[in-house]
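Colleague: prediction below, plus the sequence it came from.
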Amino acid sequence: MPSAEESHGPGVVVHVCRIPAELLAQVCQHILAFLQGHTSGVDSAEAARSFQRAGVRLDDGVLQDVTRFLLLTFRSAGKRNISADELVSELDGGGSKWSKAALQVLHGSWSEHRAAVHAQQEARAMLSIGQVLDLQWKLGMAVSSDSCRSLNSPYVTLLLKILKPSGETSQRSFEMTIPQFQNFHQQFREMAALLETV
């Protein structure tokens, strides 16, 4: 997969190929479970423990690079909905020296989980909304405003820092009257109460 190889270089492929097939399959399963929405992330500490139990020494940074590479590879393949044969062909044709065993593991893992990963990627694309990173507010007094009827009315300014699905951050600010802010606060309390029941 060119995008993943370009971002990590051919050196990561060497490390992937040195991982025994059984351990590589476990790493792939963890990554694919995450991409299908079954887990909240890839547990690199658990992967490191699996490597230690198997007697395989791999630096933490290398393991993170391998995990990121495989994550990008499978995510890209899921977005494009390519077959396992196409995935292996792209990887093998990318200029890096892949071992047959590593390509077989990737082929088998992708064959088994391709449909579910693609469905999850499509759902995420349709539901892509930003994530609130930070919310700041301040109370002020209106000197002039479109929404306040009289001057010297109190208002609340909200500043939201949002992480877009593309990875970019942006800031949005808006003003509310005190009754609007109270309504906003009540809606947040109701959402929090509902989330506790989930």
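Modeller: Cool, got the structure. The structure presented is a predicted model; accordingly, all values stated were derived computationally and were not measured.
Colleague: residue 56 and residue 15: what is the separation?
Modeller: Distance of residue 56 to residue 15, given as CB to CB, to the nearest Å: 11 Å. In this view, the C-beta of every residue, glycine as well, is placed from N, C-alpha and C.
Colleague: quick one, domains of this structure?
Modeller: Structural domains assigned to the chain are 2-126, 131-197, following automatic domain parsing.
Colleague: rank these by mean pLDDT and give me the bottom one.
Modeller: Lowest mean pLDDT within the domains of the chain: domain 131-197, at a mean of 81.
Colleague: picking that back up, any idea which of the domains of the chain is most buried?
Modeller: domain 2-126 (a mean of 16; mean count of other CB atoms under 10 Å).
Colleague: how far is it from where the chain is centred?
Modeller: 14 Å (CA atoms, centre = their mean, to the nearest Å).
Colleague: next one: stretch 131-138
Modeller: Here stretch 131-138 is found 21 Å from its chain centre; the criterion is CA atoms, centre = their mean.
Colleague: which residues are in contact with residue 104?
Modeller: Residues near residue 104 by CB atoms under 8 Å, 6 or more residues apart in numbering: residue 21.
Colleague: what are the boundaries of the helices in the chain?
Modeller: Secondary structure of the chain, counting by DSSP state H: helices at 2-8, 11-18, 21-35, 44-53, 60-80, 84-92, 100-126, 178-197.
Colleague: of all the ones you listed, which lies closest to residue 153?
Modeller: Closest of the helices of the chain to residue 153 is helix 178-197, at 8.1 Å (criterion: CB to CB).
Colleague: and for the closest one, what's in contact with it?
Modeller: With CB under 8 Å, 6+ apart as the criterion, helix 178-197 contacts 154-156, 176.
Colleague: do that again at 7 Å, thanks
Modeller: Residues outside helix 178-197 that contact it (CB atoms under 7 Å, 6 or more residues apart in numbering) are 154, 156, 176.
Colleague: with adjacent residues omitted, what lies nearest to the first one?
Modeller: Put plainly, it is residue 154. Leaving aside its sequence neighbours, residue 154 sits nearest to residue 178 (CB to CB, 6 or more residues apart in numbering; 5.4 Å).
Colleague: send the alpha carbons of stretch 94-101 over as PDB?
Modeller: This file holds the C-alpha atoms of stretch 94-101, laid out as PDB (Å, rounded to 0.1, in the frame of the first residue of the first chain):
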ATOM      1  CA  GLY A  94       5.600  -1.300  -3.500                       C
ATOM      2  CA  GLY A  95       9.300  -1.900  -3.800                       C
ATOM      3  CA  SER A  96       9.800  -3.400  -0.400                       C
ATOM      4  CA  LYS A  97      11.000  -6.900   0.200                       C
ATOM      5  CA  TRP A  98       8.100  -8.800   1.700                       C
ATOM      6  CA  SER A  99       8.300 -12.300   3.100                       C
ATOM      7  CA  LYS A 100       5.900 -14.800   1.800                       C
ATOM      8  CA  ALA A 101       4.800 -15.700   5.300                       C
END
